[in-house]
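[1] Provided below for reference: sequence and predicted model.
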Amino acid sequence: MTYEYRHGVISGPTVLTIAAILLITSAYLYLAFTTRTPTYEELISRSIVVPAEDTTSIEVKNLEKEKQYEITVWISHYLSERPTKEFQVTLSDHQGKIVETTVTNSFAWTIDTINGTLTIAVKNPSEESLTLTIRVVDVTRVERRPFEQLSQWLALITIPIIILGIYLLRYKKSNATKF
């Protein structure tokens, strides 16, 4: 036996098809419109003077493994008429060196697998002092889902629709065996 309305018949497979369409629409709204936008939180922005033929280091503590950090070091001021364009930057953590390089004017690096303390060492091989700016920024990306609530609502309302579809399937089978 099926339930009849004015213009047609509602059966279990029809109701389950409607529920499946709602679930697929829910998943599409949730996943298709997801955007990843970066959030910026400055941890350190410091100007340092590195004396001639010397090394200066800075420690950045409490870095988290799940986050992504951007480290930039650049010459912010020349102390003499003849500018020095090279310096060396070494990034290291508790396991050792991450990167060591000679830089001309500016340095930028992105780290996403560090946990704990990061040491930024700057070596000035020239015969004049350098004024550098060191900046560490948390650039973790945040997922935004504008239709998240709508997709959750659609998924939630499919539960009673699925139960109705199963009931209609069982009801039809049980009445068919009685005849």
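    Alright, I've got the coordinates. All figures in this text were calculated on a predicted structure; none of them were measured in a lab.
[2] who touches the closest residue to residue 69 other than its chain neighbours in this structure?
    Using Cβ to Cβ, 6 or more residues apart in numbering and skipping the chain neighbours, the partner closest in space to residue 69 is residue 111 (5.0 Å). Any C-beta I mention is one placed from the backbone N, CA and C, and that applies to glycine too. For residue 111, the contacting residues are 68-71, 91, 98, 118, by Cβ atoms under 8 Å, 6 or more residues apart in numbering.
[3] So which bits of whichever strand or helix holds residue 73 are buried?
    Assigned by DSSP states H and E, residue 73 belongs to strand 69-78. For strand 69-78, burial by neighbour count (16 or more other Cβ atoms under 10 Å) applies to 69-73, 75.
[4] Need phi/psi at the one residue sitting closest to the centre of the chain.
    Nearest residue to the geometric centre of the chain (Cα atoms, centre = their mean): residue 141, 3.2 Å. Dihedral angles of residue 141 (phi, psi; degrees, to the nearest 10) stand at phi -90, psi 140.
[5] Show me how the chain divides into domains.
    With domains defined by automatic domain parsing, the chain comprises 3-34+145-178, 36-142.
[6] The helix ranked longest in the chain packs against which elements?
    Looking across the chain with DSSP state H, the single longest helix is helix 148-178. Helix 148-178 sits against helix 12-32, with contacts defined as 3 or more Cβ pairs under 8 Å, 6 or more residues apart in numbering; DSSP states H and E.
[7] if we can go back for a sec, with pLDDT added, can I get the contacts of residue 111 in TSV?
    Listed next are the contacts of residue 111 as TSV, based on pLDDT from 0 to 100:
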residue	pLDDT
68	84
69	88
70	89
71	89
91	90
98	86
118	88
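[8] quick one: buried residues of stretch 27-44?
    29-30.
[9] Alpha carbons of it, as PDB, please.
    Once non-C-alpha atoms are left out, stretch 27-44 reads as follows in PDB (Å, rounded to 0.1, in the frame of the first residue of the first chain):
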ATOM      1  CA  ALA A  27      28.000  18.600   1.200                       C
ATOM      2  CA  TYR A  28      28.500  20.800  -1.900                       C
ATOM      3  CA  LEU A  29      27.600  24.000   0.000                       C
ATOM      4  CA  TYR A  30      29.900  23.100   2.800                       C
ATOM      5  CA  LEU A  31      32.900  22.200   0.600                       C
ATOM      6  CA  ALA A  32      32.600  24.300  -2.600                       C
ATOM      7  CA  PHE A  33      32.500  27.700  -1.000                       C
ATOM      8  CA  THR A  34      35.300  27.200   1.500                       C
ATOM      9  CA  THR A  35      38.000  29.900   1.300                       C
ATOM     10  CA  ARG A  36      41.300  30.000   3.000                       C
ATOM     11  CA  THR A  37      42.300  33.500   4.100                       C
ATOM     12  CA  PRO A  38      45.500  34.300   5.900                       C
ATOM     13  CA  THR A  39      45.400  35.900   9.300                       C
ATOM     14  CA  TYR A  40      48.400  38.000  10.300                       C
ATOM     15  CA  GLU A  41      49.600  38.300  13.900                       C
ATOM     16  CA  GLU A  42      53.000  40.000  14.400                       C
ATOM     17  CA  LEU A  43      55.000  38.200  17.000                       C
ATOM     18  CA  ILE A  44      58.200  40.300  16.700                       C
END
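[10] Sweet, I'm off.
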